[in-house]
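Visitor: sequence first, predicted model second:
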Amino acid sequence: MNATPEVLAVLDDLLATAAPDARGALWQLDRQGRELDANLVRLPPGAEVGEHQEDVLDVLLVVLAGSGRLTPAGGGTPLELTPTTVTWLPRTSRRALAAGPDGLVYLTVHRRRPGLTVRPAVSVQEGGEAPCSLDRVCPECGRMSREPAPKYCAECGERFPER
């Protein structure tokens, strides 16, 4: 691994050159051997990331542009999100996110999630294979949801197709 610091992106430039209707993850940290993940996410005005929970990782959310609201599960007090707001999302916390009238652009940073692996079934019985889980893979960023019937991706906010 190269231990030399480097500029990976200029987020203002990425946002300026992104298509006006581009949403979800506009940039992702992609260096081999890294121990962190980071994503630049844009939600259009009024878009929502439904209630979800990250069971394994704490996430730092840094608002870069626009505004929004983060609502903790269970009727907690909504947190107002404005540019330069830094929010800690502790693992196992349930929350929903809603973009304001100008949309919401934020950066998430967390420990790198180990890659998905394919393992053989413990016992394969005659007559079939394990059920396919492709309906739990986000069409935007490729993250596998832990929820059995996800509506929104916990990573990038993309809505899953209706079943």
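Guide: Looks like it came in fine.
Visitor: number of nearby residues for Asp21?
Guide: Applying the criterion other CB atoms under 10 Å, we find 7 residues in the vicinity of Asp21. In this view, the C-beta of every residue, glycine as well, is placed from N, C-alpha and C.
Visitor: same question but for Arg69, I mixed them up
Guide: 15.
Visitor: in the protein, what helix or strand scores lowest on average pLDDT?
Guide: The helix or strand of the chain with the poorest confidence is strand 48-53; it has a mean of 88 (mean pLDDT, DSSP states H and E).
Visitor: for Gly157, grab the count of nearby residues.
Guide: Residues lying near Gly157 (other CB under 10 Å) number 27.
Visitor: for the residue sitting nearest the centre point of the chain, list the residues it contacts.
Guide: Taking CA atoms, centre = their mean, the centroid of the chain lies closest to Glu155, which sits 1.3 Å from it. Contact analysis of Glu155 by CB atoms under 8 Å, 6 or more residues apart in numbering lists Ala25, Asn39, Thr108, Cys138, Cys141, Arg143.
Visitor: do the same with Gln53
Guide: Ala73, Thr92, Ser93, Arg94, Arg95, Arg146, Ala154.
Visitor: run the last query once more with 6 Å
Guide: Going by CB atoms under 6 Å, 6 or more residues apart in numbering, Gln53 touches Arg94.
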